[in-house]
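Participant: Make a model of this:
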Amino acid sequence: MKRQRIFTVFKMEMKKIIRTPLFIVFSLFFVALLVIILGLAFSNNYGWGPELSIFAQMVPGLFAYAGILIIYTVASSFTGDRDLGVERRMNTTPISSGEVMIGQILAYTIIPIIQTAIMFITALIIGWRPNFSVVGVLMFFIFMIFLSFCSVGLGLITATIAKNASTAGALAFIFIVPQQLFGSFIYMGEELRVVGYAMPSQYVTDALWRISYLTITDIQIWIDLIVIIIISFVVYFIGLILYERSKSR
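Facilitator: Okay, the predicted model is just below:
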């Protein structure tokens, strides 16, 4: 019975995603299109250094950028359900908060897997040539999954603050834009890069860059992994608690 309720939440979350066209555009195809544009424009430009092209420097951050766009989707989706009264109907069912959480985690684990696969294929076709092995590919997916958890938490926090779905979409960029500027594919000098370490996406970008061009044994990769795991669970549970409290008002 418990398994059925979790599966029900999982299906509900997946239906939210499918019926939100902006998710498909922003999280899947928009960033893949951006990879194509930047690849064609900068694959032969070495303006940021003699060893890697500008495009090669950007690719790890583009993965992180795709992950943070989930904030917009989650915030819009949950506030939309609230506006439609879906939450009130859920509160009358025997589904617990724990079952809701597990169902959400399952749904938002599939998203970064699909997202990362699309971006991998696109970047490789355009000419990206990382140095890693199968283990490196696996690490890419692991980092993206935890960044997705963090983005879901930030989306829930946004949904708690927002009064309706349209407001949520605008508020989501409060969390998206700083991470985009200081922790993704946009090049920053050393002085401004320090600011990025206050952004979850920076740890993912840093780790993915090291996985791509250095070695999987680099200790900083594992430090970044520990940090993003801690941040993702803390942010997710804060978002879940705040959102659950807002529903009971």
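Participant: quick one: the strands in this structure?
Facilitator: Counting by DSSP state E, the chain has no strands at all.
Participant: what residue is smack in the middle of the protein?
Facilitator: Nearest to the mean C-alpha position of the chain, counting by Cα atoms, centre = their mean, stands Gly67 at 2.2 Å.
Participant: Was I right to think that residue contacts Phe141?
Facilitator: No: Gly67 is beyond contact range of Phe141, at 11.3 Å (criterion: Cβ atoms under 8 Å). The C-beta positions use only the backbone N, C-alpha and C, and glycine is treated the same way.
Participant: got any residues that touch both of those two?
Facilitator: Counting by Cβ atoms under 8 Å, 6 or more residues apart in numbering, the contacts common to Gly67 and Phe141 are Pro112.
Participant: Ignoring the adjacent residues along the chain, who's closest to Asp206?
Facilitator: Asp224 (5.5 Å; Cβ to Cβ, 6 or more residues apart in numbering).
Participant: And the residue nearest to the centre of the chain, how close does it get to Asn45?
Facilitator: Distance of Gly67 to Asn45, computed by Cβ to Cβ, to the nearest Å: 25 Å.
Participant: for Leu156, same thing?
Facilitator: As judged by Cβ to Cβ, Leu156 and Asn45 stand 40 Å apart.
Participant: before we move on, what about Ala66?
Facilitator: Ala66 sits 22 Å away from Asn45, going by Cβ to Cβ.
Participant: Compare the two (neighbour count), which wins?
Facilitator: For Ala66 versus Asn45, neighbours defined as other Cβ atoms under 10 Å are more numerous around Ala66 (29 against 10).
Participant: Am I right that that one is in contact with Met119?
Facilitator: Yes: assessed by Cβ under 8 Å, Ala66 is found in contact with Met119 at 6.1 Å.
Participant: who touches both of the two?
Facilitator: With Cβ under 8 Å, 6+ apart as the test, Ala66 and Met119 both reach Val31.
Participant: For the chain, which segments are assigned as helices?
Facilitator: Assigned by DSSP state H, the chain shows helices spanning 2-18, 21-23, 31-42, 54-68, 70-84, 86-91, 97-126, 134-161, 165-183, 190-196, 200-213, 219-247.
Participant: Would you reformat these as CSV and include mean pLDDT?
Facilitator: Output for those, formatted as CSV (pLDDT from 0 to 100):
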stretch, mean pLDDT
helix 2-18, 76
helix 21-23, 66
helix 31-42, 91
helix 54-68, 93
helix 70-84, 78
helix 86-91, 63
helix 97-126, 83
helix 134-161, 92
helix 165-183, 88
helix 190-196, 74
helix 200-213, 94
helix 219-247, 90
